[in-house]
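Asker: coords please:
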Amino acid sequence: MEVASGSLGGSVPGSEDAAGAQPVASTARSFGQNTMPLSPLRLRFLVASLLTVSFLGALDHTVVSTSLATIAGELGALELMGWVVVGYTLASTVLLPVLGKLGDVLGPRRVFLVSLLVFLLASLACGFAQDMTWLIVARVVQGMSSAGLQLMSQTIIAKVTTPRERPRYMAIIGAAFPIAILVGPVLGGVITDYWGWAWVFWINIPVGLVALAFAFAAVPRLERGQIPRHYDVAGAATFTVGLVFLVLGVTWAAERSGGVQAVAALVAAAVALLAFFIIEVQAPEPLVPLRFFANRTIAAGTALSAIIGVGLFSITAYLPTYFQMAYQVSATVSGLVPIATVLGMLVSNLLTGWLASRTGRYRVFPIIGTCMGAAGLFMMAGLPAGLPLWVPMLVMAVVGMGTGSFMSLIVAVVQSAAPDSQTGAITASINLVRQVGSTVATAIIGGGIAFGVARLLPAGIDPASLTPHAVHQAPAATQDAVAGIYSQVFTPIFIALAVTYAIGIIAALLLPHGRLSDEPRTAASELAEPLSA
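Answerer: Below is the predicted model:
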């Protein structure tokens, strides 16, 4: 396997395109990646199985949201409601590098099947929860196994396809996330209303068992890596501590209710993450292979992945509130804007995956995508309140299309630039920065909105009681005032996110020129050329 790139190692003789381009280099040739070819029928069967499992993991991020109030009321612990979501997300994030490394050592098939089995058992336990503590613990286990499903699906695709084929199949697997965003809240509401909230979790069982049977038949027995002499326990421990304290510290700071606790948590996070970095640099078998980030493709691709989490995933949750307040629409209508965003993301994700596989070209899509994202968010910052809703829907659809154009593609490109023995670790790293960026940015944006609105509200209006329904029932002058306040608060947020995408343009331009190869490599090749920045 190879990613042809113009600045990574030596040249490949005779690799010129019709336009007379200069010979390009081959990172994967240096690393000696290899694939396990499958028949077309088995490959389609495998992709269908991985898509189903990936959809289950992604759906559990969204389907629970509409049933949270019912769950908290029946279990009698409203104050712990948020941890049903936070526990799942935090566990899935923390386990990414650990499971990525295990996939490289034990083989992705084993980690995938075990993760799926644990996910189904945890789903069963969630539905039988008798109190909120039980549910939170089961959700943490469910989140841990969900990380394995997400990671190993991408790793298995990397192992059985060439770089040229991979974007198309990675786009199909990546479609699970936007589809889950679209159908999850509605599906969760319907299940809760007609079957009871336990079935929000139990619905995973029959679908998951079918997917498990398919996986046993479709997922090939891939070659395992060498058992490390020294597993990076210290790295795993410091990373877990650092990330947990970072999420807690940012959340408390954003809520402006933590005070000393928030500062202490952020300091502890900084110390733990600094220790993690030092450990990873010195570890003989690091959890996160930092030395590979000297490779320009890997470094630029990782930056682009982080920008997706910071630039779009973080704002999506707040768009309905913004349009309910600034455009004075109902909750149902306000949901059309994130739906338009996700639909744009879904369409461009599939289209660019197909185009990249057909042409072998990949660099143009992140460049165009980051430009679209930056332009769309700058436009959102300048839109006056009161415009017809189709205008911001169209603008956010452009942002979604820009993001989708490299959302899954960049994972495939980075995988192809990494050694075969580190596919799981590299895949974990690129997903990790996206999730951490989204989590931290979401907390910061939420805190900024709460602080900004409370500061600008006229005297006599309690921010705690400011609901969309109350605003829509208020006099016209109050409605206009609140709409202006929300527009004023969200404008710098949109500008900051647009600047994030503008930085992404630089990262996209730093991606080397070249084409994805359709030639599988043999495992006999070794690291013959040094990485170059």
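Asker: just the pLDDT for His61.
Answerer: Here, the pLDDT recorded for His61 equals 73.
Asker: make 52 the starting number, not 1.
Answerer: Let's use 52 as the start, then, which means that last one is His112.
Asker: quick check: it touching Ile230?
Answerer: No - His112 is beyond contact range of Ile230, at 11.9 Å (criterion: Cβ atoms under 8 Å). Just so you know, the C-beta spots here come from the backbone N, C-alpha and C atoms, and that holds for glycine as well.
Asker: with adjacent residues omitted, what lies nearest to Glu125?
Answerer: What sits nearest to Glu125 in space, not counting adjacent residues and going by Cβ to Cβ, 6 or more residues apart in numbering, is Trp248, at 7.1 Å.
Asker: could you report the neighbour count for that neighbour?
Answerer: 26 (other Cβ atoms under 10 Å).
Asker: ok, now which ones touch it?
Answerer: 118, 121-122, 125, 242 (Cβ atoms under 8 Å, 6 or more residues apart in numbering).
Asker: low-confidence stretches in the chain?
Answerer: For the chain, the stretches flagged by pLDDT under 70 are 52-88, 129-130, 274-281, 305-309, 382, 511, 513-517, 570-584.
Asker: what's the nearest residue to Thr348 if we skip its chain neighbours?
Answerer: Ala468 (3.9 Å).
Asker: shouldn't the one you found be in contact with Gly352?
Answerer: Yes - counting by Cβ under 8 Å, Ala468 does reach Gly352; the two are 7.4 Å apart.
Asker: more crowded one of these two?
Answerer: Gly352 (34 against 30).
Asker: now do the SS call for the more buried one.
Answerer: For Gly352, the assignment made with DSSP: H, G, I helix; E, B strand; the rest coil gives helix.
Asker: which residue is the nearest non-sequential neighbour of it?
Answerer: Nearest non-adjacent residue to Gly352, counting by Cβ to Cβ, 6+ apart: Val465, 3.9 Å away.
Asker: my guess is the one you found contacts Ala354. True?
Answerer: No - counting by Cβ under 8 Å, Val465 stays clear of Ala354, with 10.5 Å between them.
Asker: out of these two, which sits in the busier spot?
Answerer: For Val465 versus Ala354, the count of surrounding residues by other Cβ under 10 Å is larger for Val465: 26 against 20.
Asker: any idea how far Ser459 is from that one?
Answerer: 11 Å (Cβ to Cβ, to the nearest Å).
Asker: now do the strands in the protein.
Answerer: Taking DSSP state E, the strands of the chain run over residues 55-56, 76-77.
Asker: check contacts around the residue nearest to Gly352.
Answerer: 348-349, 352-353, 356, 477-478, 481.
Asker: what's the separation between it and Val156?
Answerer: 20 Å.
Asker: over to Ala222?
Answerer: 28 Å.
Asker: who has more neighbours, those two?
Answerer: Ala222 (26 against 19).
Asker: quick check: closest non-adjacent residue to the more buried one.
Answerer: Gly404 (2.5 Å).
Asker: contact partners for that neighbour?
Answerer: 218-223, 225, 459-460, 463.
Asker: compare these and tell me which is most surrounded.
Answerer: In the contacts of Gly404, the most neighbours by other Cβ under 10 Å go to Pro218, 32 neighbours.
Asker: ok, that one - contacts?
Answerer: Pro218 neighbours (Cβ under 8 Å, 6+ apart): 403-405, 407-408, 413, 459-460, 463-464, 567.
Asker: same thing with Phe429?
Answerer: Phe429 neighbours (Cβ under 8 Å, 6+ apart): 545-546, 549.
Asker: and Ser204, by the same measure?
Answerer: 101, 104-105, 163, 224.
Asker: need the max-distance pair from the residues you listed.
Answerer: Phe163 and Ile224 (12.4 Å; Cβ to Cβ).
Asker: my guess is Ile349 contacts Ala469. True?
Answerer: Yes - using Cβ under 8 Å, Ile349 is in contact with Ala469, at 6.4 Å.
Asker: so for the two, which residue has more residues nearby?
Answerer: Using other Cβ under 10 Å as the criterion, Ile349 and Ala469 rank with Ala469 on top: 28 against 24.
Asker: can you give me the neighbour number for the residue lying closest to Ala425 once chain neighbours are set aside?
Answerer: Nearest-residue entry for Ala425: Tyr552, 3.8 Å, with adjacent residues in sequence omitted and distances by Cβ to Cβ, 6+ apart. For Tyr552, the neighbour count with other Cβ under 10 Å is 28.
Asker: any idea how far Met430 is from Tyr552?
Answerer: The value you get for Tyr552 to Met430, if Cβ to Cβ is used, is 12 Å.
Asker: okay, which residue of this protein is out on the far edge from center?
Answerer: Relative to the centre of the chain, and counting by Cα atoms, centre = their mean, the farthest-placed residue is Pro526 at 41.7 Å.
Asker: can you pull the contacts of it?
Answerer: Counted by Cβ under 8 Å, 6+ apart, Pro526 has zero contacts.
Asker: check Gly127 too.
Answerer: Residues near Gly127 by Cβ under 8 Å, 6+ apart: 182-183.
Asker: now a PyMOL select for only the buried ones of the contacts of Val465.
Answerer: This is how PyMOL selects the buried members of the contacts of Val465, with burial counted by 16 or more other Cβ atoms under 10 Å:
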select buried, resi 348+349+352+353+356+477+478+481
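Asker: mind putting the contacts of Val465 into TSV with distance to Leu186?
Answerer: Shown next, in TSV, are the contacts of Val465 (distance: Cβ to Cβ, whole Å):
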residue	distance to Leu186
Thr348	42
Ile349	39
Gly352	37
Thr353	34
Ser356	31
Ile477	34
Thr478	30
Ile481	31
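Asker: quick one: which two of the contacts of Val465 are the most distant?
Answerer: It's Thr348 and Thr478 that sit farthest apart of those, by Cβ to Cβ, at 14.1 Å.
Asker: what's the neighbour count on the nearest residue to Val540 once chain neighbours are set aside?
Answerer: Among residues not flanking Val540 along the chain, Gly503 sits closest, at 3.8 Å (Cβ to Cβ, 6+ apart). Around Gly503 sit 17 other residues, with neighbours defined as other Cβ under 10 Å.
Asker: same check, this time on Leu172
Answerer: Residues near Leu172, counting by other Cβ under 10 Å: 16.
Asker: the one 5 residues further on now?
Answerer: By the criterion of other Cβ under 10 Å, Cys177 has 27 neighbours.
Asker: circling back to that earlier point, tell me which of Phe163 and Ile224 has more neighbours.
Answerer: Ranked by neighbour count (other Cβ under 10 Å), Phe163 and Ile224 place Phe163 first, with 26 against 22.
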